[in-house]
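> after the sequence you'll find the predicted model.
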There are 2 protein chains.
Amino acid sequence: MNIGDVAERTGLPAKTIRYYEEIGLIHPLRGTNGYRSFTDAHVHKLAFLGRARGLGFSIEECRALLALYEDRGRASADVKRIAKTHLAGIEEKMKELSAMRDTLADLVEKCAGDHRPDCPILKDLSEVGQDAP
Amino acid sequence: MNIGDVAERTGLPAKTIRYYEEIGLIHPLRGTNGYRSFTDAHVHKLAFLGRARGLGFSIEECRALLALYEDRGRASADVKRIAKTHLAGIEEKMKELSAMRDTLADLVEKCAGDHRPDCPILKDLSEVGQDAP
DNA sequence: CTTGACCTTCCAGTTGCTGGAAACCTTATG
DNA sequence: CATAAGGTTTCCAGCAACTGGAAGGTCAAG
């Protein structure tokens, strides 16, 4: 199977698939013409990677997950630990975004948004930051 | 004022301040010794940038906000538009993260996390993706 | 005079791709 | 068989927003 077919089947861009080979996530064979040659197992692996990336796992986490996936003797605890760590990171990021959103929503609401120059948004940004008002 | 003082006053790393000069956000003068020389106005600007970045505005958005800030004849509508667009982006990101979190939390909960190899997390990642179950 | 704390520039690396150029291979059609 | 279109290859560069480190100049104190 050529890279184009794999791209279509996995939904991953061919560029990304080449990149994943470059960083050692997959090891497709090569045909006599130099083209990468993929098997169903490669497609399966790439789909796995696509889904893991879709859940926000980093490349290194994906590498670890893939290794565990291929290790019949793995302990599910190892998988769970990675997922939990990642989950914690996501929740952390959500908290940060949530704080930003609250502040921004408040400022946006307060801003008249007309032709006049007075602007609570700029005012807030230009004021000395207070951690605990 | 030297860069170290400015770093301390604004909370921005000196490296970041140099970077902001490099990309044209600020234009400190230079002393005869080649050291950057900052005024209170620079400190103010940098603090503005720090707070805008803290709210997640991109560098280009910060540049635009700074320009508006220094334009006495600005229309607050222009500021509000930038903020609203950014706010929408944040809410978008939060939705994505929220979906990831829900899926992950579900999988983590289902995973025994012991010495056994059976793992719903890996199982999910290896399964054919269904958009609408 | 020397030590140590600053400051300077420049180069490289981070994350995860993405775009583009130049060149080769394959397939379909005239 | 020639040619054109489309697929594939490699390599190089760039995105965002810094961050780290090396090599060297400067300054104030003892």
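It's in. Numbering: from 1, shown residues only, chains lettered A, B, ... in the order given.
> which SS class is A:G50?
Following DSSP: H, G, I helix; E, B strand; the rest coil, we place A:G50 in the helix state.
> just give the number of residues close to it.
Close neighbours of A:G50, defined as other C-beta atoms under 10 Å in any protein chain shown, add up to 18. Using the backbone N, CA and C atoms, a C-beta is placed for each residue, glycine as well.
> now A:G11
13.
> against DNA strand D, how distant is the residue nearest to it when sequence neighbours are not counted?
Once flanking residues are discounted, A:G11 sits nearest to A:G50: 6.1 Å by C-beta to C-beta, 6 or more residues apart in numbering or on different chains. With distances taken as C-beta to the nearest atom of the strand, to the nearest Å, A:G50 is found 17 Å from DNA strand D.
> ditto for A:R18
Taking C-beta to the nearest atom of the strand, one finds A:R18 at 6 Å from DNA strand D.
> A helix includes that residue, no?
Yes - secondary structure of A:R18 (three-state DSSP): part of a helix.
> residues contacting the residue lying closest to it once chain neighbours are set aside?
Once flanking residues are discounted, A:R18 sits nearest to A:I3: 7.2 Å by C-beta to C-beta, 6+ apart. By C-beta atoms under 8 Å, 6 or more residues apart in numbering or on different chains, the contact list for A:I3 reads A:14, A:17-18, A:35-36, A:38.
> pick out the most distant pair among the residues you listed.
Across the contacts of A:I3, the longest distance by C-beta to C-beta is 12.5 Å; it joins A:I17 and A:Y35.
> if we ignore the residues flanking it in sequence, what's nearest A:C119?
Per C-beta to C-beta, 6+ apart, closest to A:C119 is B:S76, 4.0 Å.
> wait, that neighbour sits on A:V108?
No - counting by C-beta atoms under 8 Å, A:V108 is not a contact partner of B:S76; they are 10.7 Å apart.
> common neighbours of those two, please.
Shared contacts of B:S76 and A:V108, defined by C-beta under 8 Å, 6+ apart, comprise A:I121.
> is it true that A:I121 touches A:L107?
Yes - the pair A:I121 / A:L107 is scored as a contact, 4.6 Å apart, by C-beta under 8 Å.
> who has more neighbours out of these two?
Taking neighbours as other C-beta under 10 Å, A:I121 and A:L107 compare with A:I121 leading, 25 against 21.
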